[in-house]
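# okay, structure incoming, though there's no sequence with it:
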């Protein structure tokens, strides 16, 4: 027999001594005296209620009275089923029972959450679930009555959800195993990398199967604990392997403790299930680029595993972590994990939360004497990363965007030997990663939930930071229309699924090499061949761009113009080769004085140089100009024909403006040039400036 989804609550103010209306009592007496109705209620093994024409209770089955802890039906006579369920509609009457007189109608009644349930009974009652209600008219010579029977289908649906998730996980892992084996056969030179991936997939598959077995056995009450001696390092290694390729760990880090070798007795499968679900829950609460840290501590009589995560918690959420949840899903939930930890492993599971994170603590009894002192929690922590690639330049950076974990990691396996591979599982995340650090190439799935590949491609091509990044589409769509749409949206190539490792690697490498060659040509076209800094063409483009940015941001823009003092005399006296060497060293001094990535030093022409300083006021620009002047003087390059000293010096003019659409950026160049001539007329080897 199934139980109701929480203790029934009578309406406030209704006591057992309250007397129902006479017509209710009359119908209740009829039910007691009618042999058919009495037999029906006495033999019912499920929840059954007899209702009158106004849907008021006039009789109830034994299971209902048992849950209500009543010996007689009198206290509930005259109530509606909604009153027992604390239905929100009870203030205006039980609207959920409309139409119940029609024979054979099935109603789905969603039970409301328990309110104020006694703590002593909470652990004995299942969470709110879905019920199937069958309303059947009772055909008799007496008053019109309806038999309402309730059957709990929430538990069945929860088990179905668990099974569906389990099979989806197993199939996903099986695809990963199959795909990795295919790559291994096609690219045997990558055996070490792929063997590790095969081991990770196999570990995940094993843990999924064992975890599902624990869930089913816990559901039907047949779970048997199998204590044996285990090695702590085995548990930690299994956890690291399990989360290395898990979606929940994507762009997050898992830190596991480094601890001396030790043995203790427990059920390893159950312990792994508990720790894996706790870590997964911590990952779900951790923001991108955050860390989940597992700590281990031995103390007299106990071993404690602590799982810490960052990420703000909703106010008051910590207090309800271990309440029963009505939702099915992929794991038991915190309540189920607490039950397993305390009932089967004889330990305890606690949670503490703060505004910036939370902490699960699993304590297991350890009656044997300690042999050695344990390490401090987290000491020597060695990070086990999720699917984040190693930091190495290789042949370039490739951003892989696909909502299927298996596809992402297959592409990563093919490319990781020679490329830095960055993974994203959706369009918005891919756009954010590409904007922050533009890759050399994007491998992009066409069909994704939310933002599809075509939309991602168009946004990448409309962003100045990523407009030049080549895009290869991955697609299982073979129609010409899809190929045309892919190329029209800005892609340079496409690869059909299932993926051929050789084709994928060759096309990625070719396109990356072409892109890098184009970048080198572009750099050369914007670089001064003598000094190595930006040339006049690059200066003009950068100044126009910074002017437009300043108009949008309303931030000041500063420009420094500099000129080598008496350079014609220097060139004539020491020769052109020495003059070229002098210009190269002066250019280096200009560049060395700039410390922000957005600032630009350029050769403006001849012996003239310029610096563009975005979001910089006059005081800041004057300090940079003075630093340039000092750096050039500190080079101590002999100048045999200077009127102001024995060394090569520079004069500098500084101008600052608030960019305006009416003025144009050339006005800033004119003002900086005027300040440069003021510095020269003022005696050279000095800085002149104005706002």
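Ah, there it is. If you're wondering where the values come from, they're calculated on a predicted model, not measured in any experiment. Numbering: from 1, shown residues only.

# spatially nearest residue to the residue nearest to the spatial centre of the chain, not counting backbone neighbours?
Nearest residue to the geometric centre of the chain (CA atoms, centre = their mean): residue 288, 4.9 Å. Setting aside the residues directly before and after it, residue 288 is nearest to residue 251 in space (CB to CB, 6 or more residues apart in numbering), at 4.9 Å. Placement of C-beta: from N, CA and C, glycine included.

# the stretch 551-691 of the chain: helices as residue ranges?
All helices of the stretch 551-691 of the chain, identified by DSSP state H, counting those that start in this stretch, fall at 567-574, 576-592, 618-634, 666-681.

# now do the buried residues in the shortest one.
In other words, helix 567-574. For helix 567-574, the neighbour count (16 or more other CB atoms under 10 Å) marks 567, 570, 571, 574 as buried.

# in the stretch 201-350 of the chain, where is pLDDT below threshold?
201-222, 245-246, 259-261, 312-336 (pLDDT under 70).

# check the chain too.
Looking along the chain with the criterion set at pLDDT under 70, you get 1-18, 85-132, 152-222, 245-246, 259-261, 312-336, 354-355, 367-394, 477-483, 523-524.

# break it down into its structural domains.
22-152, 160-385, 397-517, 536-690 (automatic domain parsing).

# nearest to residue 529, of those?
Of all the domains of the chain, domain 536-690 sits nearest to residue 529, with 9.7 Å by CB to CB.

# before we move on, back to that, quick one: which of the buried residues of helix 567-574 is nearest residue 675?
Taking CB to CB as the measure, residue 675 lies nearest residue 567 of the buried residues of helix 567-574, at 18.9 Å.

# my guess is the closest one contacts residue 608, does it?
No. Counting by CB atoms under 8 Å, residue 567 stays clear of residue 608, with 9.3 Å between them.

# which residues in the stretch 251-400 of the chain form helices?
According to DSSP H, counting those that start in this stretch, the helices that the stretch 251-400 of the chain contains are 268-285, 333-339.

# to residue 148, which of those lies closest?
Once the helices of the stretch 251-400 of the chain are compared by CB to CB, helix 333-339 is nearest, at 30.2 Å.

# neighbours of the closest residue to residue 555 other than its chain neighbours, how many?
Residue nearest to residue 555 in three dimensions, not counting chain neighbours: residue 615, with 4.3 Å by CB to CB, 6+ apart. Residues within reach of residue 615, counting by other CB atoms under 10 Å, total 16.

# how near is residue 615 to residue 435?
19 Å (CB to CB, to the nearest Å).

# and if you look at residue 559?
27 Å.

# those two: which has the busier surroundings?
Shown here are residue 559 and residue 435; by other CB under 10 Å, residue 559 has more neighbours (25 against 13).

# tally up the residues packed near residue 350, please.
15.

# also residue 451?
Neighbour number of residue 451 under other CB under 10 Å is 16.

# ditto for residue 630
Neighbour tally, residue 630, other CB under 10 Å: 11.

# one more: residue 343?
12.

# residue 497 too?
Around residue 497 there are 15 residues (other CB under 10 Å).

# kindly report the same for residue 496.
The tally of other residues near residue 496 (other CB under 10 Å) stands at 14.

# that one contacts residue 476, doesn't it?
Yes. Proximity of residue 496 to residue 476 meets the contact threshold set by CB under 8 Å, at 6.8 Å.

# check what contacts stretch 667-686 and list those residues.
Stretch 667-686 is contacted by residues 543, 547, 557, 559-563, 565-566, 610, 629, 633, 643-645, 649-655, 657, 687-690 when judged by CB atoms under 8 Å, 6 or more residues apart in numbering.

# buried residues in that stretch?
Within stretch 667-686, the residues that count as buried by 16+ other CB under 10 Å are 668-669, 671-673, 675-676, 678-680, 684-686.

# with stretch 547-567 instead?
So stretch 547-567, judged by 16+ other CB under 10 Å, has buried residues 547, 550-551, 556-567.
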